[in-house]
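Asker: sequence first, then the predicted structure:
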Amino acid sequence: MSKENDIESRRHFLKIAAGTTAAAVVMGGLPRFARAADLPPVSPTDPTAKALDYVEDATKSTNPKHKAGDVCHNCQFYTATNTTGRGPCQLFPGKSVDAKGWCVSHTPKKA
């Protein structure tokens with residue numbers, strides 16, 4: 001085989017490898033976005049929700065640790081970008097929480 005053919009084969013291989021890698025990254029990220037909207041809501045009877053004193057509406061919290069303005073959408077554990085509706089929370093894997101909800105683990109997002 002000539003040196004020119006080796007270089008062309010190598011370039012072809014690198015193009016295929018780069019394209020495959022890019023496709024895998026894009027396809028791997030799509031299910032995450034699709035799943036966020038399909039997550040079932042956290043039930044008030046869920047043991048974790050009870051332990052964390054989770055409420056769907058932060059204004060209805062009777063917990064003394066709750067501060068005005070603390071809601072799920074401004075908590076570091078809330079991974080959605082929306083400030084209304086529902087989104088995933090790291091404390092409730094596989095479930096969604098209300099953006100206006102609250103729990104005792106509320107930790108403000110870092111600016």
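Answerer: All right, it came through fine. Numbers count the residues shown, from 1 in each chain.

Asker: for residue 9, see how far away the residue nearest the centre of the chain is.
Answerer: Centroid-nearest residue in the chain, with CA atoms, centre = their mean: residue 79, separated by 3.8 Å. Using CB to CB, to the nearest Å, we find residue 79 at a distance of 44 Å from residue 9. Quick note: C-beta positions are derived from backbone N, CA and C, even for glycine.

Asker: quick one: pLDDT of residue 69?
Answerer: pLDDT recorded at residue 69 is 94.

Asker: now for residue 95: which residues touch it?
Answerer: 39, 40, 41, 42, 46, 88, 89 (CB atoms under 8 Å, 6 or more residues apart in numbering).

Asker: right, and residue 98 touches residue 57 too?
Answerer: Yes. If you go by CB atoms under 8 Å, residue 98 and residue 57 touch, sitting 7.2 Å apart.

Asker: circling back: any idea how many residues pack against the closest residue to the residue nearest to the centre of the chain other than its chain neighbours?
Answerer: In this structure, residue 79 finds its nearest non-sequential neighbour in residue 88, 5.0 Å apart by CB to CB, 6 or more residues apart in numbering. Residue 88: 20 surrounding residues under other CB atoms under 10 Å.

Asker: returning to what we had before: widest-spaced pair of the contacts of residue 95?
Answerer: Greatest spatial distance among the contacts of residue 95 (CB to CB): 46 and 88, at 14.5 Å.

Asker: neighbours around the residue nearest to residue 63 when sequence neighbours are not counted, how many?
Answerer: Closest residue to residue 63 apart from its sequence neighbours, by CB to CB, 6+ apart: residue 53 at 5.0 Å. Using other CB under 10 Å, residue 53 has 15 neighbouring residues.

Asker: which one's more surrounded, residue 98 and residue 57?
Answerer: Of the pair residue 98 and residue 57, residue 98 is the one with more neighbours under other CB under 10 Å, namely 22 against 11.

Asker: give me the contact list for stretch 58-78.
Answerer: Counting by CB under 8 Å, 6+ apart, 53, 55, 80, 82-84, 87-91, 97-110 sit against stretch 58-78.

Asker: now the helices for the protein?
Answerer: 3-38, 47-51 (DSSP state H).
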